[in-house]
Each structure stands twice: as C-alpha cells, then as structure tokens.
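*Asks:* what's the 3D shape of this:
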Amino acid sequence: MQDAALRLKALMEQLLGAPLPVRIRAWDGSEAGPPESPVLVVRNRRALRRLLWKPGELGMARAWVAGDLTVDGDLYAVLDVMAELVWERGEDARTLREALRDPDVRAAVWGLVRMAGPPLPPAPPREEVRRRSHLHTKRSDRRAISHHYDVGNDFYEIVLGPSMVYSCAYWDSPDGTLEDAQRDKLGLVARKLDLKPGMRLLDVGCGWGSMAIHAAREYGVSVVGVTLSQEQAAYARKRVAEEGLTDRIEIRVQDYRDVTDGPYDAISSIGMAEHVGSDRYLEYARDLFALLKPGGRLLNHQIGRRPRRDESAYEIDEFIDAYVFPDGELAPIGGTVSRLETAGFEVRDVESLREHYALTLRHWVANLEADWANAVRLTSPGRARVWRLYMAASALAFERNRIGVNQVLAVRTPESGASGMPLRARTWN
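*Replies:* Next up, the predicted model:
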C-alpha cells in the first residue's frame, strides 16, 4: 500500500505539535496534506535519516543539497510556510532533550526511525564545509572567501548578470531592471562618498571590480581594490583592462589588514563586513579609520540582523555557515554604528535598503532558474541547489524583516570639527 506520505504527515504533526502547512509527496508516490498547499517532495528514506541524525535546519539543508528533499512548484511558498516551524521557533524553542520528555514526541521520533530504514547516518554532501573555528585569522578568512567566491566566474555571471555586482541593488521601481538598479547603487555609493576627479578610493572587498570601474570611469578617481579571491581578482583585472582603466585601477589579492599605503580620500566597503566577525569588527573599523585622511568618508554597506533579547545566545546560522558563508556573522545595526564610532568615526547617515535586497535576490534566483542546466554544469547539482535555497530564503528573510541591510556613511572628522558634509542630508538622492 502506498501510504508513506500519510504516515509521514501524521508523525511530523505529532512531532511538531501543529498541522503541517504543506502537502507531502513521498518516495512511494503517495501524497497527503492540504490539496491546494505547496508540495514538499521527500524523494527517499535517506531524507528522514538526515533529519533524524541532525534535527532542524542543518538536517533539512543536507537533504536539500543532496537532492533527497525537493519542492514541486513555488519554492518561495514552501519556504514561507515552513519557516515558522523550522527557522523561526527562535529563542523560545524547546531543545531536543526537553522535547523528548514528551511521550508523544518520543513516539513520533521512533515512528520516523522505523520509516527511515538503516540507522547509519548518511555522509554530508560534499559541498559542506567542516567548521574549524571562528577566529577570523588571515588564513581562515582566505579559506572562507575562497569557498564562497571561487565557485567559478561563469557561474556568477549566470546569477548576477552583466553587472557582476554581488550586493543589494538600488531600485527606483519594482518593475526596473537589475542592471539599472545595480548601476544606480554604485552611483549612490559614489555620491555619498562625494567622489571627485583626482581622489584616491580604497574599495575593500572589491569583488569583480564593478565599483572600482564605475568610480574611475564616471568620477575620475584612482582606485585600489582588494579581495582575497584569486578568481575575482583575475576577472576584475580583465574587465579593468578592457575598459582601458589600468592607469587608474589596481586590483590586489590582499587582506584589508595588510593595506598600508594610505591615506585614502574615501573608502567603500560593500557587502564585505559580514565576513569580518564580531570579535574582529573593532579592529576592522580602526584599520579603515587609520587608512582615511582627515575629512575622508567611509561607506559601509552591510547586512544586519534583528537584535536578540540575549545577545550572548546568538549563534551563526548552521546552513549558511556550512554551505554559503563559512564564518560569516551578522550584527544588529546598532552594534555596527557603535563600533564605528568607538574606532573614531563620526556616523553621519544610516539608510536601510531592506526591501531593495529582497528585490535583488528574487532577480538572482530567477537568473539561476532560467539557466539551471548550465549552472549545474559549471558547478555541481548540490552547489546550484545551495544557491537557489540560500537566495530564495534570504529574499523572504528581507521581506519579513528578519534581516536588513544598511548603508552607513561615516567621516573621519578632524579635530577642527569640519566634517565636509552638507548642511542638509541626503543631497545624493
């Protein structure tokens, strides 16, 4: 009898203590659950073993990356209804040990064990990174950056499109194009920094060179871009040469902590500070402060999370740490501003672009899905699944205000107090 889905639905509802908000399709072809709901496909028993050996987010992620668990239909719809059960139980969630004190929960777990088959734990997908430490040494940061960015420039061309900008775009309208929105974001950064011909700009975490090229070509500045990714640097240098800007732009494979040729008139740090780590953030802020000339501006563009009641209980997201950004950390915007000011900066403007990032991510997901076969060929099926899940889940997180992204404009204000800022803020819009 084909009844795996019905049994699985009953056991999951018993375990969760709530109705399952998705329809289940099991490996035997059976289905159970609300007929109009999005469909979660459990392709084999191995998916259950992954969840049993690693309950919660990481187990589900392993099943997804390995192809044991998938979705039929709208991925966003499944993620949205599953989020409350898996990702949003948050600080009030019971631990597994506490939950197992409930006889109904124990019965459900044993039911899943019987369904799952042989008890040996499946090996993690090869795309998973083993956690070593979160010390953010130069060596560990270099390894983490390589895991994330050295996936292949051709793959990133599929996802990001011709702009090759891997950070939140700046949308005039939801109906606009990704290329226009990314161009407008680069222009927004340049205007906030008040770039002018002859200035020196340091672009920390320069990616594939888009900000450096925009600043040099449109504003006549000289740019040093630093990245820890060999593949990014090679791609950026090629683009710089094709634009005829080698006399104005230098791309280095270099840790920001090793940059010693200041002072710079301005510094842009776009989507890089998430890699720094909370223990190193003040060091990061002080290093950038020291590299700026008096009166120079820093534009720090950074994803932030909502604050917790108990900040000491914050843990790095398991899925993102294992598959996307090893050692990446998010901080509340208040902590970022406080540390920049502790380092000596005067923070002059904070702008949230939360909704802009949601739009950007939905465009990246659409790009990936539109050229899926090619993306799989260039990387691996597991890697492509990682990126699809990561970007779709992140889009929903931005839309639901679980995370945000902020541009912080700060000045190394001299002792005279003359910041060089206009009397009326937001003149760059």
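*Asks:* where's residue 298 relative to residue 270, distance?
*Replies:* 11 Å (Cβ to Cβ, to the nearest Å). Where you see a C-beta, it was placed from the backbone N, CA and C, and this is true even at glycine.
*Asks:* these two: which is more packed in?
*Replies:* residue 298 (27 against 24; other Cβ atoms under 10 Å).
*Asks:* am I right that that one is in a helix?
*Replies:* No - going by DSSP: H, G, I helix; E, B strand; the rest coil, the assignment for residue 298 is strand, not a helix.
*Asks:* residues in contact with it?
*Replies:* 266-269, 288-289, 292, 340, 345, 408-412 (Cβ atoms under 8 Å, 6 or more residues apart in numbering).
*Asks:* starting at the chain centroid, how far to stretch 391-402?
*Replies:* 10 Å (Cα atoms, centre = their mean, to the nearest Å).
*Asks:* with stretch 119-127 instead?
*Replies:* Worked out by Cα atoms, centre = their mean, stretch 119-127 lies 25 Å from the chain centre.
*Asks:* in stretch 35-51, what counts as buried?
*Replies:* 37-42, 44-51 (16 or more other Cβ atoms under 10 Å).
*Asks:* let's see it as PDB, backbone CA atoms only.
*Replies:* Written as PDB, here are the backbone C-alpha positions of stretch 35-51 (Å, rounded to 0.1, in the frame of the first residue of the first chain):
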ATOM      1  CA  PRO A  35      -4.600  19.700  -1.600                       C
ATOM      2  CA  GLU A  36      -4.000  23.400  -2.500                       C
ATOM      3  CA  SER A  37      -0.800  23.800  -0.500                       C
ATOM      4  CA  PRO A  38       2.700  23.800  -1.900                       C
ATOM      5  CA  VAL A  39       4.300  20.400  -2.200                       C
ATOM      6  CA  LEU A  40       7.300  19.100  -0.300                       C
ATOM      7  CA  VAL A  41       8.800  16.100  -2.000                       C
ATOM      8  CA  VAL A  42      10.600  13.500   0.100                       C
ATOM      9  CA  ARG A  43      12.400  11.600  -2.600                       C
ATOM     10  CA  ASN A  44      13.800   8.800  -0.500                       C
ATOM     11  CA  ARG A  45      14.100   7.400   3.100                       C
ATOM     12  CA  ARG A  46      17.600   8.900   3.300                       C
ATOM     13  CA  ALA A  47      16.000  12.300   3.800                       C
ATOM     14  CA  LEU A  48      14.500  11.100   7.000                       C
ATOM     15  CA  ARG A  49      17.800   9.700   8.200                       C
ATOM     16  CA  ARG A  50      19.400  13.100   7.600                       C
ATOM     17  CA  LEU A  51      16.700  14.800   9.700                       C
END
